[in-house]
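Visitor: with the input below, show me the fold.
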Amino acid sequence: MKLFQGLVAGTLALAAMSSAAAAAEYEFKIGHAASSRHAFNTGVEMFAEAVAEKTGGKVAVEVVGDRALGDDKQLLEGVQLGTIDGALVSAPTFPLAAGAAGFDALQLPFVVTSYDDMAAVLAGPVGQKLLDSLSEKGMKGLSFYEAGQRHFLSREKPVKSLADFEGLKTRIVPIPLHKATWEAVGTNPVGMPYGEVYSGLETGVIDAVEINLSSVESENLFQNAKEVTLTGHYFWPGVLVINKAKFDALPEDIQAAMIEAGRETIARQYEFVKTDEARVAEALKEKGVTINQLDDLKAMQDKTAPVVEEWSGKDPVIVEFIDAVRKGS
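Guide: This next block holds a predicted model:
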């Protein structure tokens, strides 16, 4: 009986979604490279709901996760070309694939220490400046949604001190900032697509990965690696973008509603991720994962401080971002 009721409920929900889409004047597919169980998916769903509400149902946003439209680089390129309506793309992809160096500001090691501080800066003038900078690259930046503060996941031995990082083959996104950061810590950084992390851990191609807990859970990485160390070295914002030509073709009231929906949902999604992180940690423990603390976190911070200093000179907005964080706005 419960199964039958569930099937009926699911059918009704799909029918309601189809009806809403049919009634919409404008439709967008927004993709992301994470699991549909991931915090990124929640963020885009929040945006979709806010846009539908603010436009009276005139805009319908379909969320497409699980890399169905491609990985981050493919999504970013697709949005620029107009072959993909929109996407939530991990921030480090923008310096890598779009030459947007200012986005390195979002992942300077140990500059931001709280979800609230990150949300406040991204919803403020500096965050808006970063979003606006994408217009010249064929994209309209609308919002930021968080995957979670980054920690360290290793296959075999627990990492409890700075010395334990030494030589570990650690998956990174292959951008200069991440390479410099993890070389400073003492690891052997390995550039690898996100979709290959599971098999990389399984086969031992990599020893470890710096990653957020939500991905450890949603990508089932805990099946191949059981040692988490809570380092909180930086956050992992995704940047919500849509093709600029498609955005510019919309009526002004629809444009305004989408901009407002993006801005208003930043704090709400960050609050969700902050709260959900504790749940995820407990869920991972139940799956046999050990949650460790780093004995000498200050030493890790000291090792990476020169990286922050070096990157501060690479783009003016990076300095603005650091100043905004320190001022608490």
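Visitor: hey, where'd the helices end up in the stretch 51-200 of the chain?
Guide: 72-81, 93-98, 115-122, 125-132, 176-185, 197-203 (DSSP state H, counting those that start in this stretch).
Visitor: if we go by neighbour counts, what in the second one is buried?
Guide: Residues of helix 93-98 classed as buried under the neighbour-count rule (16 or more other CB atoms under 10 Å) are 93-98. C-betas here are computed from N, CA, C, even on glycine.
Visitor: one more: the first one?
Guide: By neighbour count with 16+ other CB under 10 Å, helix 72-81 contains the buried residues 72-80.
Visitor: A strand includes Val216, no?
Guide: No - Val216 is assigned helix when assessed by DSSP: H, G, I helix; E, B strand; the rest coil, not a strand.
Visitor: thought it was touching Ser154?
Guide: No - under the criterion of CB atoms under 8 Å, Val216 is not in contact with Ser154, lying 11.4 Å apart.
Visitor: which neighbours do the two share?
Guide: Common contacts of Val216 and Ser154 (CB atoms under 8 Å, 6 or more residues apart in numbering): Ala225.
Visitor: the two: who's more crowded?
Guide: Neighbours were counted for Val216 and for Ser154 using other CB atoms under 10 Å; Val216 has more, 25 against 22.
Visitor: chain center to whatever helix or strand Glu277 lives in: distance?
Guide: According to DSSP states H and E, Glu277 maps onto helix 252-286. Mean-position distance between helix 252-286 and its chain equals 11 Å (CA atoms, centre = their mean, to the nearest Å).
Visitor: quick check: mean pLDDT across it?
Guide: Mean per-residue pLDDT for helix 252-286: 97.
Visitor: for Val228, give me phi and psi.
Guide: Per-residue torsions, Val228: phi -100, psi 140 (degrees, to the nearest 10).
Visitor: and if you look at Gly238?
Guide: When read as degrees, to the nearest 10, the backbone of Gly238 gives phi -100, psi 150.
Visitor: who's in contact with the nearest residue to it once chain neighbours are set aside?
Guide: Once flanking residues are discounted, Gly238 sits nearest to Leu88: 4.3 Å by CB to CB, 6 or more residues apart in numbering. Applying CB under 8 Å, 6+ apart to Leu88 gives the contacts 30-32, 40, 43-44, 145, 238-241.
Visitor: among the buried residues of helix 72-81, which one lies nearest to Phe165?
Guide: Asp72 (25.5 Å; CB to CB).
Visitor: now the closest one: how far from Phe103?
Guide: 12 Å (CB to CB, to the nearest Å).
Visitor: what does Val216 give?
Guide: Val216 is 24 Å from Phe103, by CB to CB.
Visitor: model confidence for Ala15, exactly?
Guide: Ala15 is assigned a pLDDT of 42 by the prediction.
Visitor: ditto for the one 5 residues further on
Guide: pLDDT, the model's per-residue confidence, is 49 for Ala20.
Visitor: just Thr187 next, same as before
Guide: Note on Thr187: pLDDT of 98.
Visitor: my read: it touches Leu162, true?
Guide: No - with contact defined as CB under 8 Å, Thr187 does not reach Leu162; the gap is 10.7 Å.
Visitor: what about the two, which has more around it?
Guide: Neighbour totals were compared for Thr187 and Leu162, and Thr187 leads with 22 against 18 (other CB under 10 Å).
Visitor: could you pull up the residues touching that one?
Guide: Counting by CB under 8 Å, 6+ apart, Thr187 touches 165-170, 208.
Visitor: now render those residues as CSV, adding pLDDT.
Guide: As requested, the contacts of Thr187 are exported to CSV (pLDDT from 0 to 100):
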residue, pLDDT
Phe165, 98
Glu166, 98
Gly167, 97
Leu168, 98
Lys169, 98
Thr170, 98
Ala208, 98
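Visitor: fine, thanks again, bye for now.
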